[in-house]
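Trainee: Pasted the sequence and its predicted model underneath.
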Amino acid sequence: MDLLYRRATALLLACLATAAGAAEVHEHELDNGLDVLVEVDQRAGVAVSMLWYHVGASYEHRPITGVSHALEHMMFKGTEQRGSGEFSRLISREGGEHNAFTGRDYTAYYEALAADRLGLALELEAERMHQLALDEAAFQREMQVIREERRQRIADSPEARAFERFSATAHVASPYRDPIIGWRHDLARMGLADLEAWYRRWYVPANATLVVVGAVEPEAVFDMAERHFGAVPARTPAPPPEGREINTAPGERRVTLTLDDARVPLLYMAYNTPSLATAEEPRDAYALLMAAEILDGGGSARLPEHLVRGEGIATSASARYSAVARLDTLFSLVARPSDEGDLDGLAEALQAEIRRLREEPVGEVELQRAVTRLMAREVFERDAPMGRARQLGRLEATGIGWRERERFEERIRAVTPADIQRVARRYLQPQRRTTGRLLPDEEAS
Amino acid sequence: MAPRRPLQAAMAAAAAAALSAGTATAGPVAPEVQRWQARADAPVYFVEAHEVPMVDVAVVLDAGSARDGDTPGLARLTARTLDEGAAGMDAGELARRLEDTGARLSTSVNRSRARVHLRSLSEEAPLAEAATLLRQVLAEPTLGEAAVQRERQQMQQALRTQRQSAAKVAERALYEAMYGEHPYATPPSGTEAGLAELDRARVEAFHRKHYSAANAGVAIVGDLERAEAEALAAKVLGALPAGEPAPALPEPPAEPAEDEVRIDFPAEQTAIAMGLPAIARGEESLEYPLRVANQVLGGGGLVSRLARAMREERGLSYSTASRLHVAPVRGPWIVRSSVKAERTEEALSVLRGEIRRLAREGLDAAEIDDAVRHLTGSFPLALASNRGLIRQLSAMAASGLPASHLASYIPRMEAVDPADVRRALDARLDPGRMATVLVGPNVEAVGAEPE
């Protein structure tokens, strides 16, 4: 069976080569600098509009951390033409879903609706791009909401609190160390003037990308974008702030947190690495991506096979490399110990897996399986218009560029076992490592 | 009330009146659902979708946690152990064979059903191999001692993790308060006591009893022709025993087991959860008006009454929402919020005020019109991906609904008028029968004070 089986796999990979080719992206730049990307997906007659501003938490500094996110909230509070909440009511009445999200490198606003309503979304987005009405009373109320959001998301979750501290330790000189929602003290002192300045500085057509995915004609979308966004005055955007991590290995760091509301211990391990945007060679980023895939890309990968099922010292173990980032990033591992395991033993086991990546070349069958998983995932991701819009927007907002998606398959297939060993030796080493341990109070006593 | 037009006409009219000319190449399209019966009358639902070279197959079984009996957690433990080895393969070998086809397999369990979902490429050879593995996982799982113990321990740890969250504690307590002795009272994630009782023998017995063709339904979406889909459904069910359909569940109680539950919990916010058993699958004359009422109350995001009262006007909360859960027997209508602890009692009175106002005054025609426009207009969004379609078809398969169910959603929703809403609220929203749970700092002491 083995032989036959391998032949079937080879055949499958040949099919995947053509299957994974994503739909074509159409691009057009307005005179004021707004970049428009369109991908056609005729299914179900719906369209997603996603407007990406290239600004997020990594553009901030103390004491205005959280200002990008606060501004995102205020974008729903009305413009020179429309009252607070009218945006939401109009979209909702037309059967649309809408919301926004703030990340480290972007603030994005989306509407999903019947494709023949796309014009409404673009008109409303264009309005609030340059005619936002920022009102003091509404701002004070919204800051209460944001403080409740922080309580709900972070303060009342021991794991979220722990991750906030781990992240602030793993990043040394990078703004990625600050939480997206902002530090509590900064939220307490934030004023409307901070938001006004932020809006004026960054909400500029040339600092934004409009992504539309759906049952649309690209040319018609470009015309519609001209009609609505053409009126937004051109302004030169500020350059994105520099935020490189210190480029030598920052040194080994350890954080232990004992939290009385925690019930389950957790281990976090992160290595300082370049991202796809900052790597000298894109090849390095793809090799790190493959390393994470080898560790945790599926049920047969090394962490579930060795730590969860084999030794049984973990109830869960995951690996992730955040390649799509504007600044230097992390290769991180998160695991929970089983009753039979403890955090020290678990840390040793994770390090042993990392050591193995450095010392032994990944076998051919295992590498092929990882490529198969990744290529199949590319096909599956074409199922979701929202996911595709996110993919394009993130690549643009991080400065990597959407065309990287077209190179993805070629670059993944080019990764060799020697590449994985090389990046593991260079980046996944103790001087770049932060180990975080979250302990319930009972365990610490 | 405003005259209701068929969707397409209404949309076209609105587009003309709206802010810009449309540029669409297509309007919303309802997919054609095909239905047939496989072995032991198991219903199969199929939507052809040729755009992406992939296939989703979901097998749903009446093997949800409502069948847990006196060991809550049994249904989920069984489902979690299914893909930990089958047909002589251990978990690693099974995973390797599956991943060599590019496919993914997942299992999930809620109160009313278990679901095993395969997502595969539509290429013939890998799909055939992946479907064989799905068939084996369903009918010939190893359910080995080590795997059962491992999965059980993971569930026990997940219960401890849930106790870190006031919202999760509140949800568990709310179902207990709403459902009392009914099988819906306990959560799919189980209880400490239930999990402590579980072992391989019980998991095997549960599998033998509930994983049968008579208890199954199949949903398929993807790049296949009808004949291929028929063969696929026959194949994945092929190794299951015919079996007997599970007996109907008892009716939920008319009164909550407890009106108000207060649990002290160390946190900065109080989690509030309120609800009552409200609607069963098949009660269409009540379901659609209640969906409209829920949309206005707390189902509509930022525009709903609860979000406006709690968030926009008072800054009490970041998230407040309501949701209607349609289930084989009356599923609950639930309102949830997390509020600043110092303002718990104020928040509670705002929530109760909005619920009473809805029960007392119903909805006017304009509110219904807005809600219906949203619900019908956004319905195509739920069907715009294979993932969305397989979710809808899985729900239909779990209840054996007619193939016309999706196509009738929009006309049924458009037919809702104020009198329908009034009737449905009178029948199913009695605020006096609502259970309330508060989980947060010092909520017990406040509750104990005389009013």
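Mentor: Right, received. Where do you want to start?

Trainee: any idea how far B:P418 lies from B:G362?
Mentor: 6 Å (Cβ to Cβ, to the nearest Å). Yep, even glycine has a C-beta here, placed from its N, CA and C like the rest.

Trainee: ok and the residue in the stretch 101-250 of chain B nearest chain A?
Mentor: B:G102 (2.9 Å; Cβ to the nearest Cβ).

Trainee: rewinding a little: which one of B:P418 and B:G362 is surrounded by more residues?
Mentor: B:G362 (22 against 16; other Cβ atoms under 10 Å in any protein chain shown).

Trainee: For B:L297, see how far away the more buried one is.
Mentor: 11 Å.

Trainee: same thing with A:A23?
Mentor: A:A23 is 40 Å from B:L297, by Cβ to Cβ.

Trainee: Among those two, which residue is more densely surrounded?
Mentor: B:L297 (26 against 13).

Trainee: Backbone dihedrals for that one, please?
Mentor: phi -70, psi -60 (degrees, to the nearest 10).

Trainee: ok, now which ones touch it?
Mentor: Applying Cβ atoms under 8 Å, 6 or more residues apart in numbering or on different chains to B:L297 gives the contacts B:304-306, B:322, B:335, B:354-355, B:358.

Trainee: Thought B:D369 was touching B:P418, still the case?
Mentor: No - with contact defined as Cβ atoms under 8 Å, B:P418 does not reach B:D369; the gap is 10.2 Å.

Trainee: in what helix or strand does the residue in the stretch 201-350 of chain B positioned nearest to chain A lie?
Mentor: Of all residues in the stretch 201-350 of chain B, the one sitting closest to chain A is B:G315 (3.1 Å; Cβ to the nearest Cβ). Element membership for B:G315, per DSSP states H and E: none, as it lies in no helix or strand.

Trainee: before we move on, which element is whatever residue of chain A ends up closest to chain B in?
Mentor: Nearest residue of chain A to chain B, counting by Cβ to the nearest Cβ: A:G95, 1.4 Å away. If you go by DSSP H and E, A:G95 is not part of any helix or strand.

Trainee: what's the distance between it and B:E51?
Mentor: 22 Å.

Trainee: likewise A:G85?
Mentor: Distance from A:G85 to B:E51, by Cβ to Cβ: 36 Å.

Trainee: Tell me where the chain has strands.
Mentor: Looking at chain A here, since you left the chain open. A:25-29, A:35-40, A:46-53, A:97-102, A:107-114, A:208-214, A:253-259, A:266-273, A:314-321, A:329-337, A:433-440 (DSSP state E).

Trainee: that answer is for a different chain, and I need it for chain B
Mentor: B:34-37, B:43-48, B:54-61, B:85-86, B:89-90, B:104-109, B:114-121, B:216-222, B:260-264, B:269-279, B:317-324, B:331-340, B:435-440.

Trainee: Can you tell me which of those is most buried?
Mentor: Highest mean neighbour count among the strands of chain B (mean count of other Cβ atoms under 10 Å in any protein chain shown): strand B:216-222, with a mean of 29.

Trainee: Name the residues that touch that one?
Mentor: By Cβ under 8 Å, 6+ apart, strand B:216-222 touches B:38, B:40, B:42-49, B:52, B:54-62, B:122, B:229, B:232-233, B:236-237, B:240, B:386, B:389-390, B:393-394, B:396-398, B:400.

Trainee: Report the entries of the residues you listed that also contact chain A.
Mentor: B:49, B:52, B:54, B:386 (Cβ under 8 Å from any Cβ of the partner chain).

Trainee: Before we move on, what's the pLDDT of B:M11?
Mentor: Note on B:M11: pLDDT of 35.

Trainee: and the stretch 351-451 of chain B, which of its residues are near chain A?
Mentor: Close to chain A, as judged by Cβ under 8 Å from any Cβ, the stretch 351-451 of chain B has residues B:370, B:373-381, B:383-387.
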